[in-house]
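**Q** everything below, folded, please.
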Amino acid sequence: MSLHRQSFDTKRDFEDTTSIVDVSDVARDFVRPPIDYSSPSAFRSSAWARWKSIWTRRFIFSLLAGQVVSLCITVTNVTTTELVSRNWSLPTTQTWFLYFSLFIVYTPYTMYKYGLKGWGQMVFRDGWKYFILACCDVEGNFLVVKAYNYTDLLSCMLLDAWAIPVCLFFCWVYMRTKYHWTQVLGILVCVGGLGMLVASDMLTDKNYPALSRGKGDAFMIVGATLYGFTNATEEFFVRRSPLYEVVGQLGMWGTLINGIQAASLEHAAMTTASWNSATIGFLVAYTAAMFILYTTAPLLYRMASSAFYNISLLTSDFYGLIFGLFLFHYSPYWLYFPAFCIVILGLIVYFWHATPEEQGKLDPKAPAYIRRMQLDDQV
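**A** Numbering: from 1, shown residues only. Just a heads-up that it's a prediction; the model follows:
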């Protein structure tokens, strides 16, 4: 059977089967057991019932996926540090390999599912929105990397958290998500854990002087704003469209945008950078970690939310310490360990009252015009 004459006999053929979460979960009116304050014993039993209700398979997967992406962020930081120490500092070129790997993996599969003609229609009709998503993602990565070159570590760690309220705002704009006060409390608890991590870095003299604080802080604020926007926008897309379509389009447009930017800004540095087996190995490790992150993140958006994704990343400094113990012989400071536990506690508090099912409607399927096109081809 040719590429564009596949069978689409049932609605299931158009749905994204890569999601861990069943669409029927969203339709269920799932609420937490109420807390009974009538007596101490009633409070204890109702609180225990609430605690047990949190630990569903969906929440456990979300918690684990959040730590996977946090660990991936740490791997990218470590590999980037190793590349820079080996005279290989091409941040825009470095991320091009990520977008290209997403493109070559997910775009052919999208063509297989939609047919070549259907894929072309999707690019023609909906490519503009994926272009905006990719543009913001590429520039967000670029500006955050530039910020580290100008401002100090303290400013970068604190201002990077600005992505969280931005993400919450755009999730509300797109999906009218209703946030319970316990979710805000969970975010504040996670940010408190981040504050402890920042204090640990300050007490152990890991900060470095700022070359141009104003410029660096501006880069970080704009970059974090773009991060929050892209996370919320991608969540909105993957809740309604197949994952392979969204990620494939992000990879395709990201490859083009990032490639043009790299050729413009880093063409001279490419000839002087050290290209050897060590740098290529770290580049492969960086690309693999980012590929896992960009594949896991949309699943986490579906299982929980992009806001949960953002606060999950706050544990990455703890994993950085673990890597540093073995690679750079860091001396662990005691605040790192309670800070990690506090961030994990904040992730649990985030869903103490609200449920993952309430964060947005989940109904991923191919565009209607693709379904009509394939049905017409069968006639």
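**Q** quickly note the distance from residue 128 to residue 102.
**A** From residue 128 across to residue 102, the span is 19 Å (Cβ to Cβ, to the nearest Å). (C-beta placed from N, C-alpha, C; glycine too.)
**Q** of the two, give the one with the bigger neighbour count.
**A** residue 102 (24 against 11; other Cβ atoms under 10 Å).
**Q** once you drop chain neighbours, what's closest to the more buried one?
**A** residue 251 (2.9 Å; Cβ to Cβ, 6 or more residues apart in numbering).
**Q** what do you get for residue 78?
**A** residue 323 (5.1 Å).
**Q** stretch 114-126: which residues count as buried?
**A** For stretch 114-126, the neighbour count (16 or more other Cβ atoms under 10 Å) marks 114, 115, 117, 118, 119, 121, 122, 123, 126 as buried.
**Q** tell me, how many residues neighbour residue 151?
**A** Using other Cβ under 10 Å, residue 151 has 24 neighbouring residues.
**Q** got the confidence number for it?
**A** Looking at residue 151, its pLDDT is 75.
**Q** wait, it sits on residue 216?
**A** Yes - applying Cβ atoms under 8 Å, one finds residue 151 in contact with residue 216, separated by 2.6 Å.
**Q** CA atoms only: put the helix or strand hosting the residue nearest to residue 102 into CSV for me.
**A** Counting by DSSP states H and E, the element that carries residue 251 is helix 243-265. Written as CSV, here are the backbone C-alpha positions of helix 243-265 (Å, rounded to 0.1, in the frame of the first residue of the first chain):
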residue,chain,number,x,y,z
LEU,A,243,2.7,13.8,19.8
TYR,A,244,4.6,12.8,16.7
GLU,A,245,3.0,15.7,14.8
VAL,A,246,3.9,18.4,17.4
VAL,A,247,7.4,17.2,18.1
GLY,A,248,8.2,16.5,14.5
GLN,A,249,7.1,20.0,13.5
LEU,A,250,9.1,21.5,16.3
GLY,A,251,12.1,19.6,15.1
MET,A,252,11.6,20.6,11.4
TRP,A,253,11.2,24.3,12.0
GLY,A,254,13.8,24.3,14.8
THR,A,255,16.3,22.7,12.4
LEU,A,256,15.8,25.5,9.9
ILE,A,257,15.7,28.4,12.3
ASN,A,258,18.6,27.1,14.4
GLY,A,259,20.7,26.3,11.4
ILE,A,260,20.3,29.7,9.9
GLN,A,261,21.2,31.3,13.3
ALA,A,262,24.2,29.0,13.8
ALA,A,263,25.5,29.8,10.3
SER,A,264,25.1,33.5,10.9
LEU,A,265,26.6,33.7,14.4
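**Q** so how far is that helix off the chain centroid?
**A** 16 Å (Cα atoms, centre = their mean, to the nearest Å).
**Q** where do the strands of the stretch 1-150 of the chain begin and end?
**A** According to DSSP state E, counting those that start in this stretch, the stretch 1-150 of the chain carries no segments that qualify as strands.
**Q** ok, then the element right after the helix holding residue 251?
**A** helix 267-272.
**Q** show me what the following helix or strand past that following helix is packed up against.
**A** Counting by DSSP H and E, the element after helix 267-272 in chain order, helix or strand, is helix 277-303. With contacts taken as 3 or more Cβ pairs under 8 Å, 6 or more residues apart in numbering; DSSP states H and E, helix 277-303 sits against helix 57-85, helix 91-114, helix 213-238, helix 243-265, helix 306-312.
**Q** where does this protein have its least confident helix or strand?
**A** helix 24-27 (a mean of 42; mean pLDDT, DSSP states H and E).
**Q** what does stretch 121-134 contact?
**A** 99, 110, 114, 230, 233-234, 237, 245-246, 249-250, 252-254, 257, 367, 369-370, 373 (Cβ atoms under 8 Å, 6 or more residues apart in numbering).
**Q** pull out the buried members of those.
**A** 99, 110, 114, 230, 233-234, 237, 245-246, 249-250, 252-254, 257, 367, 370, 373.
**Q** residue most distant from the centroid, the chain?
**A** residue 39 (42.8 Å; Cα atoms, centre = their mean).
**Q** how about residue 365, phi and psi?
**A** phi -160, psi 160 (degrees, to the nearest 10).
**Q** please apply the same query to residue 363.
**A** According to degrees, to the nearest 10, residue 363 has phi -150, psi 70.
**Q** tell me the pLDDT at it?
**A** Residue 363 is given a pLDDT of 88.
**Q** next, count neighbours for it.
**A** With other Cβ under 10 Å as criterion, residue 363 counts 12.
**Q** with residue 83 instead?
**A** Residues near residue 83, counting by other Cβ under 10 Å: 24.
**Q** distance of it from residue 365?
**A** 41 Å.
**Q** if we can go back for a sec, show me what contacts the residue nearest to residue 102?
**A** 99, 100, 101, 102, 103, 104, 105, 106, 107.
**Q** and it, how far from residue 257?
**A** 11 Å.
**Q** repeat that for residue 326.
**A** For residue 326 relative to residue 257 (Cβ to Cβ), the value is 36 Å.
**Q** with residue 49 instead?
**A** Distance from residue 49 to residue 257, by Cβ to Cβ: 50 Å.
**Q** over to residue 219?
**A** 18 Å.
**Q** likewise residue 157?
**A** 28 Å.
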